[in-house]
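Enquirer: Here is the input, now give the coordinates:
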Amino acid sequence: MAKKEDDKPAFVKRDSIVAGKGYAQLLGVLKERFRKSQIKAAVKVNTTMLEYYWQMGRDISRLYESATWGSAFFDCLSLDLKTEFPGQTGFSVTNIKYAKRWYKFYNQGDIIRHQLGDETHQQLADEFEMPIDFGHVPWKHHVHIFTHSKSVAEALFYIEKTIEMGWSRSELEAEMDDDLYGKQGKAITNFDDKLPSPYSGLAKDILKSPYDFSFIDRKITTEKQFEDELAGNITRFLLELGQGFAYVGRQMELKMSGGQTFIPDMIFYHTRLKLYIVVELKVTPFIPEYAGKLNFYVSAVDELMKQSDDNPTIGLLICKSKDNTVVEWSVRGINQPLGVAEYKLDMSKKATEMLPSESELQRIIDTYDEIK
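Expert: You can find the predicted model right below:
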């Protein structure tokens, strides 16, 4: 008796099904849709939890400030909430105090008054709701941001960057330790004049000043030493440059049609902005001549390396120090988009590490006494 079609082994059917182009497309759509639904669900859960903390902080602020309770208030509240909701996390004394501090931090009277005016300050400050974007940032990120930011503007900067870059908590902490807020956009550029808006602003945001090259463990006196150290520590260098930078190469020959060859120090590509970045390194203070040379390199890369779908190449000069006025005047008449930044080396820490420890000093003294 012949087998019916439905009696065929399942794997035979599967092979014929998955081979179809339509099935592959359907599977891809369903996978992507499910991933997006997972992200939306996670954001929704996180937003709901954060709104709870926000309202908790608001209610505690109102009640606590009009009462005479001491710190025992938080112990009592934590115990009662844990008793009512056993197994639920987030009701520790520390978390409850953070909720209060979090709400107060973003509801600083002078900021609200400046934005809304004195007349509506009291009424609207009490009704101030948690910003929608906050839900895209986990609670522990929020705690680190507001407890380590000197201002609301700085905190909002790191919230925006966390959402934009998808930072983990360790990445966020590293960027804050490195003072990205204080450094980003601090390089002097002519981007406003040479690049269209808003692209000019995006380009300025990927540069900073000063760059921290404390990972260099020796004194550098020449550009070659400088370049060798950065190339030898390329992973650390890329981390300091920031997300989106990809290393293309060093000492790359730019050959002209007439046979002449020019060699810039280092070339990078920014994957987010889709542009080449020519980096020149100087161990001396900035002088106007440096801008002219970098201007030529940027023009050469535009002509020899840039593809039709790439954005205009930019130049970045990293030097020991700079006079801002000299830099501004120098790049004002330059044709290509250039930025100038400083670098710093923390040799004091390395010098301390080279000194003998207290125990080593004692051993040397003991040895000397034995010799005597």
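
Enquirer: Would you mind listing where the stretch 251-372 of the chain has pLDDT under the threshold?
Expert: 347-372 (pLDDT under 70).

Enquirer: quick one, strands of it?
Expert: 254-255, 261-262, 266-270, 275-281, 314-319, 338-344 (DSSP state E, counting those that start in this stretch).

Enquirer: Could you list the residues in contact with the second one?
Expert: Counting by CB atoms under 8 Å, 6 or more residues apart in numbering, strand 261-262 makes contact with 253-256, 296-297, 300, all of which sit outside it. For the C-beta atoms, the positions are set from N, CA and C on the backbone; glycine is no exception.

Enquirer: Nearest to His144, out of the strands of the stretch 251-372 of the chain?
Expert: strand 338-344 (24.5 Å; CB to CB).

Enquirer: Convert the closest one to CSV, retaining C-alpha atoms only.
Expert: Extracted C-alpha coordinates of strand 338-344, given in CSV (Å, rounded to 0.1, in the frame of the first residue of the first chain):
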residue,chain,number,x,y,z
LEU,A,338,39.6,70.7,10.2
GLY,A,339,39.6,70.3,14.0
VAL,A,340,42.4,70.9,16.4
ALA,A,341,42.6,69.3,19.8
GLU,A,342,45.1,68.8,22.7
TYR,A,343,46.3,65.6,24.4
LYS,A,344,47.5,65.0,27.9
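
Enquirer: Quick one: distance of that strand to the chain centre.
Expert: Centroid separation between strand 338-344 and its chain, computed with CA atoms, centre = their mean, to the nearest Å, is 18 Å.

Enquirer: got a list of what Gly242 touches?
Expert: Residues near Gly242 by CB under 8 Å, 6+ apart: 180, 206, 208.

Enquirer: still on that earlier bit, which one (most neighbours) among the contacts of strand 261-262?
Expert: Tyr297 (22 neighbours; other CB atoms under 10 Å).

Enquirer: for the closest residue to it other than its chain neighbours, what are its contacts?
Expert: Computed as CB to CB, 6 or more residues apart in numbering, the closest residue to Tyr297 that is not its neighbour in sequence is Pro264, at 4.3 Å. Applying CB under 8 Å, 6+ apart to Pro264 gives the contacts 252, 254, 278-280, 294, 297, 301.

Enquirer: out of those, who's nearest Ile188?
Expert: Leu294 (13.1 Å).

Enquirer: Quick check, that closest one in contact with Thr313.
Expert: No: Leu294 lies out of contact with Thr313 (CB atoms under 8 Å); the separation is 10.7 Å.

Enquirer: More neighbours: these two, which one.
Expert: Applying other CB under 10 Å to Leu294 and Thr313 shows that Leu294 carries more neighbours, namely 26 against 22.

Enquirer: what's the more buried one in contact with, if anything?
Expert: Leu294 touches 264, 278, 280, 315, 317, 336, 338, counting by CB under 8 Å, 6+ apart.

Enquirer: Would you reformat these as a markdown table and include distance to Lys186?
Expert: Formatted as a markdown table, the contacts of Leu294 follow (distance: CB to CB, whole Å):
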| residue | distance to Lys186 |
| --- | --- |
| Pro264 | 23 |
| Val278 | 20 |
| Glu280 | 18 |
| Gly315 | 17 |
| Leu317 | 14 |
| Gln336 | 20 |
| Leu338 | 15 |
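
Enquirer: now for the strands of the stretch 251-372 of the chain, which one comes closest to Gly90?
Expert: strand 266-270 (39.4 Å).

Enquirer: got the angle for that closest one vs strand 314-319?
Expert: Inter-element angle recorded for strand 266-270 and strand 314-319: 130 degrees (by axes from the mean of the first three to the mean of the last three CA atoms, to 10 degrees).

Enquirer: Tell me which other helices or strands the helix ranked longest in the chain touches.
Expert: Across the chain, the longest stretch assigned as helix under DSSP state H is helix 21-65. Here helix 21-65 touches helix 93-106, helix 139-148, going by 3 or more CB pairs under 8 Å, 6 or more residues apart in numbering; DSSP states H and E.

Enquirer: After the last one, which helix or strand is next? Please name it.
Expert: I take that to be helix 139-148. helix 152-165 (DSSP states H and E).

Enquirer: Give me the distance between the longest helix of the chain and the centre of its chain.
Expert: Using CA atoms, centre = their mean, the offset of helix 21-65 from its chain centre is 23 Å.

Enquirer: same deal with stretch 214-233?
Expert: Computed by CA atoms, centre = their mean, the separation of stretch 214-233 from the middle of its chain amounts to 24 Å.

Enquirer: May I see the buried residues of that stretch?
Expert: Neighbour-count burial for stretch 214-233, counted by 16 or more other CB atoms under 10 Å, picks out 215-216, 220, 226-227, 229-230, 233.
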